[in-house]
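J.: compute the structure for the input listed below.
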Amino acid sequence: MGKTLLILALLTLLIDSVGWKKFIYFISLGYGYSIAGIGIALIVMHFRALNLLAFALIALLIVYGFRLATYLLRRELKSKAYAKTVSLDAMTNDSYSKGVLSAIWISCVILYICQMFPIIVRVQNMADGVATLQIIGWIGFAVAVLGVLLESWADHQKSAAKKVNPDRFVDTGLYRIVRCPNYLGEVTLWTGVFISGIGCYSAWWHWLLALFGYIGIVYIMFSGARRLEIRQDKNYGEDPEYQAYKKRVPILIPLLPIYSVKRFNWLRG
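T.: Below is the predicted model of the structure:
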């Protein structure tokens, strides 16, 4: 396990170093391509040990990582409105010392490894000849697939709506259910990944790493929802339709009556 984690950590450090070009890449392009890279590395290192479930989980995360990172890159390159928003909202590398940037870089790498840990430990158990529980793994896979589809469809719907009216907030399709359906998809995906590892953890620190990765990404999604709410309030705050939409539709979790997280300063990230 130690050797596998070391190789994956070094690989992720290399991939996520794209953030040294632009700070936001640590958590956007670097994130997506790191997840995909970890998946590819697991296949290369343990191809002979993989069964259908393990391969399906890894393949799903590879597709997810490449799709997300490529979508974010294309949006930045093609959308002038998005590029302007990023330039106004995001800090630049010059805003931080190299020590702070290094800490962010390493923290991201640790988080990405922990997010993937349920799959890593499953694959390692198979490589070591340790029996792994299959039924829970398939349940987790099904939940993860739902998350990927949800996030992909939400991104597609937002892009389509912005092409029609780039100056209006999106409140159609999945955006009628929650205001951040792409973040909901992300949470659903990693819920499935966490579930898929249940039955594979044989030590307390296995649970610790898996829980750290899951709680970490859920926190980041709520933090992202908070930033989006603040930005939308600036852009559409005087629009009565937006105000009605904000009061009617939960921000992230369906049926959970949380309509605003702007006041939660502990979500600042």
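J.: helix or strand with the lowest mean pLDDT in this protein?
T.: Of all helical and strand segments in the chain, the minimum by mean pLDDT, DSSP states H and E falls on helix 80-89, at a mean of 52.
J.: avg pLDDT for whichever helix or strand comes after it?
T.: With elements assigned by DSSP states H and E, the helix or strand that comes after helix 80-89 is helix 98-127. Mean pLDDT, helix 98-127: 94.
J.: check the offset of helix 98-127 from the chain's centre.
T.: 13 Å (CA atoms, centre = their mean, to the nearest Å).
J.: same question for stretch 47-61.
T.: For stretch 47-61 - counting by CA atoms, centre = their mean - the centre lies 20 Å from the chain centre.
J.: go on, stretch 152-162?
T.: Chain-centre distance of stretch 152-162: 17 Å, with CA atoms, centre = their mean.
J.: show me where the chain has helices.
T.: 2-16, 29-46, 52-78, 80-89, 98-127, 135-164, 181-197, 204-236, 240-248 (DSSP state H).
J.: most tightly packed of these?
T.: Neighbour counts averaged per stretch over the helices of the chain are highest for helix 181-197, at a mean of 23; criterion: mean count of other CB atoms under 10 Å. (C-beta placed from N, C-alpha, C; glycine too.)
J.: from the contact counts, what lies against that one?
T.: helix 52-78, helix 98-127, helix 135-164, helix 204-236 (3 or more CB pairs under 8 Å, 6 or more residues apart in numbering; DSSP states H and E).
J.: between those helices, which one is closest to Phe23.
T.: helix 98-127 (7.3 Å; CB to CB).
J.: quick one on the thing from earlier: could you redo the helices and strands packed on helix 181-197 as a markdown table and give each row distance to Tyr242?
T.: Below are the helices and strands packed on helix 181-197 laid out as a markdown table (distance: least, CB to CB, whole Å):
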| stretch | distance to Tyr242 |
| --- | --- |
| helix 52-78 | 22 |
| helix 98-127 | 33 |
| helix 135-164 | 14 |
| helix 204-236 | 4 |
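J.: closest to Lys247 out of those helices?
T.: Checked against CB to CB, the stretch from the helices and strands packed on helix 181-197 lying closest is helix 204-236, at 12.5 Å.
J.: ok now the closest one, how far from the chain's centre?
T.: Using CA atoms, centre = their mean, the offset of helix 204-236 from its chain centre is 9 Å.
J.: between it and helix 29-46, how many degrees?
T.: If you take axes from the mean of the first three to the mean of the last three CA atoms, to 10 degrees, helix 204-236 sits at 150 degrees to helix 29-46.
J.: look up how far Thr132 lies from the most centrally placed residue in the chain.
T.: In the chain, the centroid-proximal residue (CA atoms, centre = their mean) is Glu186; its distance is 5.2 Å. Taking CB to CB, to the nearest Å as the measure, Glu186 falls 25 Å from Thr132.
J.: and if you look at Gly185?
T.: Gly185 is 26 Å from Thr132, where distance means CB to CB.
J.: over to Leu10?
T.: Counting by CB to CB - Leu10 and Thr132 are separated by 26 Å.
J.: low-scoring pLDDT stretches of the stretch 51-200 of the chain, where are they?
T.: 79-94 (pLDDT under 70).
J.: repeat the analysis, applying 50 as the threshold.
T.: Within the stretch 51-200 of the chain, the ranges that satisfy pLDDT under 50 run 87-88.
J.: wait, Thr191 sits on Val148?
T.: No: between Thr191 and Val148 there is no contact under CB atoms under 8 Å: 12.0 Å.
J.: quick one: end-to-end distance for stretch 41-60.
T.: 14 Å (CA to CA, to the nearest Å).
J.: which residues sit against that stretch?
T.: 4, 7-8, 11, 39, 119-120, 122-124, 126-127, 134, 137-138, 140-141, 144-145, 148, 193, 196 (CB atoms under 8 Å, 6 or more residues apart in numbering).
J.: and if you look at stretch 155-175?
T.: Stretch 155-175 has contacts (CB under 8 Å, 6+ apart) with 71, 75, 79, 81, 150, 153-154, 181-182, 232, 235-236, 239, 241-242, 245, 249.
J.: C-alpha coordinates for it, PDB please?
T.: Extracted in PDB, the C-alpha atoms of stretch 155-175 (Å, rounded to 0.1, in the frame of the first residue of the first chain):
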ATOM      1  CA  ASP A 155     -23.000  21.500 -17.300                       C
ATOM      2  CA  HIS A 156     -24.600  20.900 -20.700                       C
ATOM      3  CA  GLN A 157     -27.900  22.600 -19.700                       C
ATOM      4  CA  LYS A 158     -26.000  25.600 -18.300                       C
ATOM      5  CA  SER A 159     -23.900  26.000 -21.500                       C
ATOM      6  CA  ALA A 160     -27.000  25.800 -23.700                       C
ATOM      7  CA  ALA A 161     -28.900  28.300 -21.600                       C
ATOM      8  CA  LYS A 162     -26.000  30.800 -21.600                       C
ATOM      9  CA  LYS A 163     -25.800  30.600 -25.400                       C
ATOM     10  CA  VAL A 164     -29.400  31.700 -25.600                       C
ATOM     11  CA  ASN A 165     -29.100  34.400 -22.900                       C
ATOM     12  CA  PRO A 166     -25.700  34.900 -21.500                       C
ATOM     13  CA  ASP A 167     -26.800  37.700 -19.200                       C
ATOM     14  CA  ARG A 168     -29.500  35.800 -17.400                       C
ATOM     15  CA  PHE A 169     -29.200  33.300 -14.500                       C
ATOM     16  CA  VAL A 170     -30.100  29.700 -15.300                       C
ATOM     17  CA  ASP A 171     -33.300  28.400 -13.800                       C
ATOM     18  CA  THR A 172     -34.400  25.700 -16.300                       C
ATOM     19  CA  GLY A 173     -34.000  21.900 -16.400                       C
ATOM     20  CA  LEU A 174     -32.000  20.600 -13.400                       C
ATOM     21  CA  TYR A 175     -31.700  24.200 -12.200                       C
END
